[in-house]
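A.B. asks: below are the sequence and a predicted model; questions follow.
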Amino acid sequence: MATLESNRYGKFRVRVMKVLRHDDSHHDVCELEADVLLHGDLAGSYLSDDNSSIVPTDTVKNTIHFLAHDHLETCRTSFAKIIVEHFLGKYPHLSGVEVELRERKWERMTINGSPHPHAFTHAANGEPFSRATFFRGQAPKLTSGIRGHLVMKSTQSGFADYNVCELTTLPPTTDRVFATRLTAEWEFADLTAGFIAADTEVLAAAHEVFATTYSPSVQRTLYQIGELALERVPEISRIELKMPNVHFLGLDLTKLGRPGQSCVLLPTDEPHGEIEAVIAR
Ligand SMILES: O=c1[nH]c(=O)c2[nH]c(=O)[nH]c2[nH]1
């Protein structure tokens, strides 16, 4: 005897580009890719041949395009909220909606010192995203974040005084290269917050801690980033941080007639340390 334990469905990778034409030549743009998942009174579509509860995923795709036409400006997080509110408002048999929007961030070009009205470059250091999860009768959840934002500093980082056992070979250091591919996701307590300004402040806080504070470990720096982000942005209630330790290994060049542990390092991809934490108020 089988039972339907849980179910959800929707459309993934719905792409849309909005050109906001302020006049013939002065534009803003917003390019997004959406994943939408619907929950609700849908068991009939799994347990019988009855499709009447299914809003076709093709309609879900059309909805994103329609809402982008009417409502999308430059704020991804506001648009995520609009999408979930639309689905719950329009379809009474749906109980919840999950949306993730990933942004290809187009940054205005500067030409001869001036911002160009309609030419952009891809700001490719990490993929910004927002997620909205609204279930009827529950507190709505709205987040924004970035995946894979690569930062590096060439000193002011160390790692010493860690647990040592017979399997420890790592030498302690007070001067190493520190690089990480930062993934961060912050949750808005205030659903009317200035989302774009908050995003800018969180990333600025991360950069400030990373650049200006000696790092005794990735763990410590991660916590300090979360702490400063919460201090600087009152509208967020928690922040989840993932900071893989992108290692640069010291090379022994003594056989090449150059000093060991010199300025030449070996960038590595794997294995890598993985440090993660959630910091909340
Ligand atoms: O900052 C660090 N944290 C660790 O947990 C760790 N482990 C390791 O081998 N190197 C480092 N560095």
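C.D. replies: Cool, the structure landed. Residues are numbered from 1 along each chain as shown.

A.B. asks: all strands for this structure, in order.
C.D. replies: 9-21, 27-40, 94-104, 106-111, 114-122, 127-135, 141-153, 178-188, 236-245, 248-250, 265-267, 273-280 (DSSP state E).

A.B. asks: just the CA atoms of the fourth one, as CSV, please.
C.D. replies: What it means is strand 106-111. Presented in CSV, the C-alpha positions along strand 106-111 are these (Å, rounded to 0.1, in the frame of the first residue of the first chain):
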residue,chain,number,x,y,z
TRP,A,106,24.2,44.0,-15.6
GLU,A,107,26.4,46.9,-14.4
ARG,A,108,26.3,50.2,-16.3
MET,A,109,29.5,50.9,-18.3
THR,A,110,31.5,54.0,-17.4
ILE,A,111,32.7,55.7,-20.6
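
A.B. asks: go ahead and produce PDB holding the CA coordinates of the longest helix along the chain.
C.D. replies: If you go by DSSP state H, the chain has its longest helix at helix 195-212. Taking Å, rounded to 0.1, in the frame of the first residue of the first chain, the C-alpha atoms of helix 195-212 are listed here in PDB:
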ATOM      1  CA  PHE A 195      16.000  45.400  -0.500                       C
ATOM      2  CA  ILE A 196      18.700  46.700  -2.900                       C
ATOM      3  CA  ALA A 197      20.200  49.000  -0.300                       C
ATOM      4  CA  ALA A 198      20.200  46.100   2.200                       C
ATOM      5  CA  ASP A 199      22.000  43.900  -0.300                       C
ATOM      6  CA  THR A 200      24.700  46.500  -0.900                       C
ATOM      7  CA  GLU A 201      25.200  47.000   2.900                       C
ATOM      8  CA  VAL A 202      25.600  43.300   3.600                       C
ATOM      9  CA  LEU A 203      28.200  42.800   0.900                       C
ATOM     10  CA  ALA A 204      30.000  46.000   2.000                       C
ATOM     11  CA  ALA A 205      30.100  44.600   5.600                       C
ATOM     12  CA  ALA A 206      31.500  41.300   4.300                       C
ATOM     13  CA  HIS A 207      34.200  43.100   2.400                       C
ATOM     14  CA  GLU A 208      35.000  45.400   5.300                       C
ATOM     15  CA  VAL A 209      35.500  42.600   7.800                       C
ATOM     16  CA  PHE A 210      37.400  40.500   5.300                       C
ATOM     17  CA  ALA A 211      39.800  43.300   4.200                       C
ATOM     18  CA  THR A 212      40.400  45.100   7.500                       C
END
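
A.B. asks: which parts of that helix are buried?
C.D. replies: Within helix 195-212, the residues scored as buried using 16 or more other C-beta atoms under 10 Å are F195, A198, D199, E201, V202, L203, A205, A206, V209, F210. Where you see a C-beta, it was placed from the backbone N, CA and C, and this is true even at glycine.

A.B. asks: just those residues now: which is nearest the ligand?
C.D. replies: Nearest to the ligand among the buried residues of helix 195-212: F210, at 12.8 Å, using C-beta to the nearest ligand atom.

A.B. asks: that closest one touches K153, doesn't it?
C.D. replies: Yes: in terms of C-beta atoms under 8 Å, F210 counts as a neighbour of K153; the distance is 6.6 Å.

A.B. asks: quick check: neighbours shared by those two?
C.D. replies: F178 (C-beta atoms under 8 Å, 6 or more residues apart in numbering).

A.B. asks: which strand residues sit across from the closest residue to R176 other than its chain neighbours in the sheet?
C.D. replies: Leaving out its chain neighbours, the residue that sits closest to R176 by C-beta to C-beta, 6 or more residues apart in numbering is S157, at 5.2 Å. When bridges are called by DSSP bridges, S157 pairs up with S215.

A.B. asks: re the thing from before, want to throw the buried residues of helix 195-212 into CSV with pLDDT and distance to the ligand?
C.D. replies: Rendered in CSV, the data for the buried residues of helix 195-212 read as follows (pLDDT from 0 to 100; distance: C-beta to the nearest ligand atom, whole Å):
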residue, pLDDT, distance to the ligand
F195, 98, 32
A198, 98, 28
D199, 98, 26
E201, 98, 25
V202, 98, 22
L203, 98, 21
A205, 98, 20
A206, 98, 16
V209, 98, 14
F210, 98, 13
